[in-house]
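J.: just to be clear, the model below is a prediction. Sequence and coordinates:
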Amino acid sequence: MNKSDLIKVAHLLKSARHVGVLTGAGISAESGIPTFRDSQTGLWANFKVEDLATREAFECNPDFVWQWHVARRIMLINTFPNPGHRVIAWLADAVDQLTLITQNVDGLHQAAGSPIVHELHGNIKRTKCFKYGHPIEQSLADNHPDSPPECPVCGSLARPDVVWFGEVLPTKVFGIANDATIHADLFFVIGTSGHVQPAAAFGLMALESGATVVVINPDPDSAIPGGMFLQGLSGVVLPQLVKHGWGIPASVFQDQVSTRKF
């Protein structure tokens, strides 16, 4: 991690009028959550995620798809936000305006205290009905670990409120994300490989709109040409930015212990 680049980004962050933040699986991996494609273990090791996260798969075998999502949700129960999540939550009050967009479905940004989180791919903690999208009380879903319950409104089967392969991203959230890429003067791309569309285009769109784009990632291949790159984990890099920008020790975010699960 280049210290001069770190200090430069810290100063840009402190003076920014509108900060856009896009997070991906990498920031949650720092909390011990396997990335989407690395989560196939045990019973699910011989299945492709594409076979377990589509409308067609649910229609073919709703119990099996439901059980896989329940297993993922259970895996997250004892998972907590890491310093990367906590810094982003802190920044929401420290900068003039911050728009947080995430590709993750785990709810860790909310658990860290981020007041507004725009979820591109939904949230695995929520449940809706398959046919019309009616919200379903999570307690009803939790009481049916082996097969999806029926929607109390229309009788359709319940499903996780996440975006499956082949489905359209939520229009409102996608519009907010687009707006942030156009109007932010500083845009962070954190913990995402940049290979999942359409979110992968946001960094380039922000760059083309005049923003300074900063990629934070351990993998140098995730760098965006024309942007800045800070190599490292978000839980290491983000506290350092706050340290250089506001003089707050990085240990403040390292030592925090969240009392809110998932």
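T.: Received the coordinates, thanks. Residues are numbered from 1 along each chain as shown.

J.: now the helices for the stretch 51-200 of the chain?
T.: 55-60, 62-75, 83-94, 108-112, 138-142, 171-183 (DSSP state H, counting those that start in this stretch).

J.: what's the last one packed up against?
T.: The helices and strands touching helix 171-183, judged by 3 or more Cβ pairs under 8 Å, 6 or more residues apart in numbering; DSSP states H and E, are strand 19-23, strand 98-102, strand 118-119, helix 202-208. C-betas here are computed from N, CA, C, even on glycine.

J.: can you check the fifth one too?
T.: In terms of contacts (3+ Cβ pairs under 8 Å, 6+ apart), helix 138-142 is packed against strand 122-129.

J.: neighbouring contacts of the strand it packs on?
T.: If you take Cβ atoms under 8 Å, 6 or more residues apart in numbering as the criterion, strand 122-129 is touched by 69, 72-73, 76, 105-107, 134-138, 140-141, 151, 153-154, 156-163, 170, 262.

J.: which strands or helices does the helix or strand bottoming out on mean pLDDT in the chain pack on?
T.: Least confident helix or strand of the chain, by mean pLDDT, DSSP states H and E, is helix 251-255 with a mean of 82. Judged by 3+ Cβ pairs under 8 Å, 6+ apart, helix 251-255 is in contact with helix 83-94, helix 234-246.

J.: then it to CSV, C-alphas only?
T.: What follows is helix 251-255 as a C-alpha-only set of coordinates in CSV (Å, rounded to 0.1, in the frame of the first residue of the first chain):
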residue,chain,number,x,y,z
SER,A,251,-7.3,0.8,16.5
VAL,A,252,-10.6,2.6,17.3
PHE,A,253,-12.3,0.6,14.5
GLN,A,254,-10.3,-2.6,15.2
ASP,A,255,-11.3,-2.7,18.9
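
J.: buried ones in that helix?
T.: Within helix 251-255, the residues scored as buried using 16 or more other Cβ atoms under 10 Å are Phe253.

J.: next: stretch 191-206.
T.: 191-192, 194, 199-200, 202-206.

J.: list of residues touching stretch 77-93?
T.: 13, 19, 21, 23, 27, 30-33, 98, 100, 106, 108-109, 111-116, 190-191, 233-239, 241-242, 250, 253-254, 256-258, 260-262.

J.: and with 7 Å instead?
T.: 19, 21, 27, 30-33, 98, 100, 108-109, 111-115, 234-235, 238-239, 242, 253-254, 256, 258, 261-262 (Cβ atoms under 7 Å, 6 or more residues apart in numbering).
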